[in-house]
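J.: Dropping the sequence and predicted coords here.
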Amino acid sequence: LGALLSGAVSPGPSFVLVANVAMGVSRSDGIATAVGMGVGGVVFAALSLMGLHAILTNIPALYFLLKVAGGLYLVYMGIRIWRGANEPVTMDNDSVTSQGSLKKSFLIGFFTQVSNPKTAIVYGSIFAALLPSKIPVVIYYILPPFVFLVEAGWYMVVTLVLSSESPRAAYLRSKSLFDRLAGCIMVGLGGKLITGASSQ
């Protein structure tokens, strides 16, 4: 769990997305996005326990396709953030956040998390290195919920910090700049994922 937490706190598309939602939409939406990230982490944990790491490392074509698909999704998200840079913030108060918006924020968080196959490799590698060769059955039940707490917990901390008054006010003063920077980072990370796949 400590190894997974160290990976979660390292900057990447997930951090960029949660920060953007927390500052630009609402705290509630940021928390919904964090929960989506946590559920995505549980998916990777479950798949890694079932041997996804071995499958991806032994079937390069599958890993290539997943990297390209994940990269394209990140590029798409980056372009969406960039294009919305000049749009005004319409939800400054958490109380006006709609259920539909929360669902959308959750799904964006979830799909951003699961769009990166490198995360699957990280999970698989950590599990392969740190879990015993014969995994006790109880691990299959207790590890995924703890993974959720690590992933969602970290991004909730990010949300609570960045949606507080000072960071949010700074974001609103320079929304266009922040959004374009976030969009560029997302596109860059997606492009890196795609070019990394094509170079293998």
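T.: Perfect, thanks for sending it.
J.: separation between Phe148 and Met37?
T.: Phe148 is 9 Å from Met37, where distance means Cβ to Cβ, to the nearest Å. Quick note: C-beta positions are derived from backbone N, CA and C, even for glycine.
J.: higher neighbour count, these two?
T.: Between Phe148 and Met37, counting by other Cβ atoms under 10 Å, Met37 is the more crowded of the two (29 against 18).
J.: now that one: how far from Pro13?
T.: According to Cβ to Cβ, Met37 stands 10 Å off from Pro13.
J.: what residue ranges in the chain score low on pLDDT?
T.: 11, 52-53, 56, 88-100, 133, 197-200 (pLDDT under 70).
J.: try it again with 90
T.: For the chain, the stretches with pLDDT under 90 are 1-17, 19-26, 44-102, 112-141, 143, 162-200.
J.: Tell me where it has helices.
T.: For the chain, the helices defined by DSSP state H occupy 2-9, 13-24, 27-49, 52-58, 60-83, 99-114, 117-130, 137-162, 165-173, 175-198.
J.: follow-up on the earlier one: so what sits against both of Met37 and Pro13?
T.: Thr112 (Cβ atoms under 8 Å, 6 or more residues apart in numbering).
J.: So Gly191 is in contact with Gly71, correct?
T.: Yes. Under the criterion of Cβ atoms under 8 Å, Gly191 is in contact with Gly71, at a separation of 6.7 Å.
J.: So these two - more neighbours on which side?
T.: Gly71 (24 against 15).
J.: which ones are touching the more buried one?
T.: 190-194, 197.
J.: Could you do Val42 as well?
T.: 144-145, 147-148, 151.
J.: Could you find the closest non-adjacent residue to Asp179?
T.: Sequence neighbours aside, Ala85 is the residue nearest to Asp179 in space, at 3.7 Å (criterion: Cβ to Cβ, 6 or more residues apart in numbering).
J.: quick one, phi psi at that neighbour?
T.: phi -60, psi -40 (degrees, to the nearest 10).
J.: and Ser101, how many neighbours does it have?
T.: Neighbours of Ser101 under the rule other Cβ under 10 Å: 16.
J.: Tell me the spacing between it and Gly78.
T.: With distances taken as Cβ to Cβ, Ser101 is found 21 Å from Gly78.
J.: Same question for Ala45.
T.: For Ala45, the distance to Gly78 - Cβ to Cβ - is 27 Å.
J.: what do you get for Val9?
T.: For Val9 relative to Gly78 (Cβ to Cβ), the value is 22 Å.
J.: So those two - more neighbours on which side?
T.: Neighbours were counted for Val9 and for Gly78 using other Cβ under 10 Å; Gly78 has more, 24 against 14.
J.: Could you double-check that that one sits in contact with Arg180?
T.: No. Counting by Cβ under 8 Å, Gly78 does not reach Arg180; the two are 9.9 Å apart.
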